[in-house]
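Asker: Quick one: sequence and predicted model below, then my questions.
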Amino acid sequence: MAAFEFDEAAFAQALDRIQGALVVTAADIRVAVTGMVTTMVTRTLAGQSIGGAPFAGYAPATQRSRSARGRTTGPVTLSDTGAMLAAIQQRIEGDRAVIFFSSRSAGERARYLHEGTSRMPARPWFGFSAAEELDAAELIARRIARRIEDV
């Protein structure tokens with residue numbers, strides 16, 4: 001009959017390491033939110049709203065103005081100079097990420113493009129679809145799984 005010894009201390013240490021690997025870290029959140037912001041900007045530059053639908057077209061006056069300045073008149077990408085999208089920043093606060101704009105003017109522009117005005121349709125872009133959120137959650141899950149494998 002084979003002898004079996006159970007090392008309770010080693011087992012407890014292994015459980016502690018696994019438990020530590022299961023914790024979502026600030027680095028996990030940072031990697032996920034960086035990917036989400038990249039997805040949001042890429043989607044916006046492709047002329048797609050949060051749900052993937054194309055943005056409403058430019059008004060005739062806007063088309064004339066953009067054309068006169070040598071800018072494209074379609075598809076709508078919400079990027080004239082690129083300053084608004086370049087102003088997107090992020091920071092980690094505990095167990096959450098905050099996405100914001102580095103300038104008040106960029107934030108105000110983002111809001112009126114997202115919500116629309118009395119003279120311009122809403123073009124919802126600042127946010128994430130359920131599929132994009134799931135992608136971020138799966139990324140974090142893969143990072144956790146790799147840490148568990150390393151335990």
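Answerer: Cool, got the structure.

Asker: Next, the buried residues of stretch 45-64.
Answerer: Across stretch 45-64, burial judged by 16 or more other Cβ atoms under 10 Å covers 47, 48, 49, 50, 55, 58, 62. The C-beta positions use only the backbone N, C-alpha and C, and glycine is treated the same way.

Asker: Please give the centre-to-centre distance between that stretch and its chain.
Answerer: Relative to the chain's own centre, stretch 45-64 is displaced by 20 Å; criterion: Cα atoms, centre = their mean, to the nearest Å.

Asker: now do the same end-to-end measure for that stretch.
Answerer: Chord length of stretch 45-64, first to last residue, is 20 Å (Cα to Cα, to the nearest Å).

Asker: That one - what's its average pLDDT?
Answerer: Mean pLDDT, stretch 45-64: 94.

Asker: neighbouring contacts of that stretch?
Answerer: By Cβ atoms under 8 Å, 6 or more residues apart in numbering, the residues outside stretch 45-64 that reach it are 43, 66, 73-79, 85, 119-121, 123-125, 127-129.
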